[in-house]
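Engineer: just to be clear, the model below is a prediction. Sequence and coordinates:
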Amino acid sequence: MPPRPRHSLAAVCLLVLVSVGRAAEDRPAVVAASPKAGGHVHPSVCRTPDGTLVVVYKGQNVLMRTRSTDGGTTWETPEPIPTTAKRPDSIREVKKFEVYPGTADTLPDGRVLVTWNYIAADQAKDGYYERALLYTLSDDGGKTWSDQRVIGPADGKHLGAVRHNVLPLDGRWLLPLRTGPPRAYDPKAGKLDAFPVVGPDGKAHAFQQIARTVKGTLLAMGPVFLRSSDGGKTWEEVKGFPVPPDGDNAEGRYLTPLPDGRVLVTWGVGTANKGLRYTASADDGRTWAAEPVTLLPDTPVAARYYSARTVPLDDRHVGTVYLSGSTVHFLKVERDRVAK
């Protein structure tokens, strides 16, 4: 087969910021074009076992994807994920609807999992904002995709948004939902169970992200920051977490467990945020660096919802995907520079 087309200034819907050494990080090379989509662009990123990066974001009521096979230096021309443009058979047809992006994750078997919402916005008719949670899978690094499937509903209502990573957990997918308790989904049995996360205060908060460190510790980041060393049976609160909640369930933050055992948080505050901020833990999430490292301090970076997101790239680098204006960006940076 002929090689897939690579980006051009006119066609690419991804802005790639490439760092080669410290000077290049401070003055990154730019290849840019803007997505023809407004509203909830919400980029996400994952890395497959062979090193392919897959970035997913919203287009015109369809999710778009682009891939990089060289660590984020060059990117394929973005293509739609066809299964995300279809209305689920179980959802009524309405005049006003929206395809709302969720997350892209790599499963233990190497498949790429993409989640999203099909929103039937017909509140004026009966008061119910129908927001089905769907997923599609790719077993070839984001080239082709399976048919869509719906997760839920639960208790008579659809699950709504998954704003951060889906965590594989004992054959199930742990879904940290925007509202309500996290849910554990068994894709083989189609079974959906509550996965309550209750801290020492006895409150079962909604959690925007649950991540697992290389030591197996679970970290839950929401209105409070919790840590579990027994697979989620019990949780302790981490005091002094230096990345405070900021509106809408604290969605402008993202946890990245690193292969060397450290944990990184990429974060910002609101839609007027400037720059990319990073804070790290060197002791499995118990304590955190108090002062953030800020890159691109003069660059507008939307931090509400889930821009920006960071993934490990290799033994020395991490890569961050983020939104500035209506354009998706990717920054490659030395890991030790941001994980102090």
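Structural biologist: The structure has been received and is ready for your questions.
Engineer: could you use CA atoms for every contact and neighbour count after this?
Structural biologist: Will do.
Engineer: low-confidence ranges, the stretch 151-300 of the chain, go.
Structural biologist: Residues of the stretch 151-300 of the chain meeting the criterion pLDDT under 70: 246-251.
Engineer: all the strands of it, in order from the start?
Structural biologist: 167-169, 172-175, 183-186, 191-194, 209-212, 218-221, 225-228, 236-237, 253-257, 263-267, 274-281, 293-300 (DSSP state E, counting those that start in this stretch).
Engineer: those: which one's closest to Gly71?
Structural biologist: strand 253-257 (17.0 Å; C-alpha to C-alpha).
Engineer: now do that closest one against strand 263-267, angle only.
Structural biologist: For strand 253-257 against strand 263-267, the angle by axes from the mean of the first three to the mean of the last three C-alpha atoms, to 10 degrees is 160 degrees.
Engineer: what lines up beside strand 253-257 in the sheet?
Structural biologist: Here strand 253-257 is paired, per DSSP bridges, with strand 263-267 (antiparallel).
Engineer: most tightly packed of the strands of the stretch 151-300 of the chain?
Structural biologist: strand 263-267 (a mean of 26; mean count of other C-alpha atoms under 10 Å).
Engineer: which outside residues touch it?
Structural biologist: Strand 263-267 is contacted by residues 213, 243, 252-258, 276-282, 284-285, 303, 308-310, 339 when judged by C-alpha atoms under 8 Å, 6 or more residues apart in numbering.
Engineer: give me the neighbour count for Thr73.
Structural biologist: Neighbour count of Thr73, defined by other C-alpha atoms under 10 Å: 16.
Engineer: quick one: pLDDT of it?
Structural biologist: Predicted confidence (pLDDT) at Thr73: the value is 84.
Engineer: equivalent analysis for the one 10 residues further on, please.
Structural biologist: Model confidence at Thr83, given as pLDDT, is 95.
Engineer: also Leu17?
Structural biologist: At Leu17, pLDDT is 40.
Engineer: what sits against the residue lying closest to Ala211 once chain neighbours are set aside?
Structural biologist: Residue nearest to Ala211 in three dimensions, not counting chain neighbours: Leu219, with 5.3 Å by C-alpha to C-alpha, 6 or more residues apart in numbering. Residues in contact with Leu219, defined by C-alpha under 8 Å, 6+ apart, are 210-213, 225-228, 285.
Engineer: let me have those in JSON lines, extended by distance to Asp315.
Structural biologist: Formatted as JSON lines, the contacts of Leu219 follow (distance: C-alpha to C-alpha, whole Å):
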{"residue": "Ile210", "distance to Asp315": "24"}
{"residue": "Ala211", "distance to Asp315": "20"}
{"residue": "Arg212", "distance to Asp315": "19"}
{"residue": "Thr213", "distance to Asp315": "16"}
{"residue": "Phe225", "distance to Asp315": "28"}
{"residue": "Leu226", "distance to Asp315": "28"}
{"residue": "Arg227", "distance to Asp315": "26"}
{"residue": "Ser228", "distance to Asp315": "27"}
{"residue": "Gly285", "distance to Asp315": "20"}
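Engineer: ok, which pair from the residues you listed is furthest apart?
Structural biologist: Thr213 and Phe225 (14.5 Å).
Engineer: got the contact list for the closest residue to Trp267 other than its chain neighbours?
Structural biologist: Nearest in space to Trp267, with sequence neighbours left out and distances taken as C-alpha to C-alpha, 6+ apart, is Arg253 at 4.3 Å. By C-alpha under 8 Å, 6+ apart, Arg253 lies in contact with 243, 265-268, 303, 306-309.
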